[in-house]
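Q: Have a look at this fold, sequence not included:
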């Protein structure tokens with residue numbers, strides 16, 4: 001699925017490698033059309049990100065979690081570090097094993 005109006009990935013243009021986010025636009029389009037399997041095939045990391053986003057929404061809006069450490073973790077430095085680390089690892093893995 002390509003469109004002329006979509007910008008090209010600058011990382012892929014310059015290096016020839018897929019960045020960790022390559023396929024995220026197509027995955028988001030597939031999710032909006034209700035095709036979760038296709039979305040996962042375009043970019044599995046987006047699915048992980050959506051699970052994390054769901055966790056953040058649940059922790060933020062359900063009063064059950066007001067006094068737990070889960071909210072502190074969801075918005076803390078640890079979560080950011082873990083997410084960024086997974087993002088970088090996914091970028092390396094997708095170019096080694098999924099070429």
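A: It's in. Since the structure is predicted, the reported quantities are computational estimates derived from the model, not experimental observations. Numbering: from 1, shown residues only.
Q: burial count for residue 27?
A: 25 (other C-beta atoms under 10 Å). C-betas here are computed from N, CA, C, even on glycine.
Q: I misspoke; the intended subject was residue 23.
A: The burial count assigned to residue 23 is 20, neighbours taken as other C-beta under 10 Å.
Q: Correct me if wrong: it contacts residue 42.
A: Yes: with contact defined as C-beta atoms under 8 Å, residue 23 reaches residue 42; the gap is 4.0 Å.
Q: and residue 52, what pLDDT?
A: According to the prediction, residue 52 has pLDDT 80.
Q: what about it, distance to residue 70?
A: 12 Å (C-beta to C-beta, to the nearest Å).
Q: Equivalent analysis for residue 81, please.
A: Counting by C-beta to C-beta - residue 81 and residue 70 are separated by 17 Å.
Q: Please identify the buried residues of the lowest-mean-pLDDT helix or strand in the chain?
A: Ranked by mean pLDDT, DSSP states H and E, the helix or strand of the chain with the weakest confidence is helix 69-75, at a mean of 76. Residues residue 74 are the ones in helix 69-75 that count as buried (16 or more other C-beta atoms under 10 Å).
Q: Can you list the low-confidence ranges for the protein?
A: 1-3, 6, 99 (pLDDT under 70).
Q: at 90 what do you get?
A: Counting by pLDDT under 90, the chain contains low-confidence residues at 1-13, 18-32, 34-36, 39-80, 82-84, 87, 90, 94, 97-99.
Q: all helices of it, in order?
A: For the chain, the helices defined by DSSP state H cover 10-15, 24-32, 36-42, 44-61, 69-75, 77-97.
Q: For residue 4, which of those is the nearest?
A: Each of these has some distance to residue 4 by C-beta to C-beta; the shortest is helix 24-32, at 13.8 Å.
Q: Can you list phi and psi of the closest residue to residue 22 other than its chain neighbours for me?
A: Spatial nearest neighbour of residue 22, excluding adjacent residues (C-beta to C-beta, 6 or more residues apart in numbering): residue 9 at 5.5 Å. Per-residue torsions, residue 9: phi -70, psi 120 (degrees, to the nearest 10).
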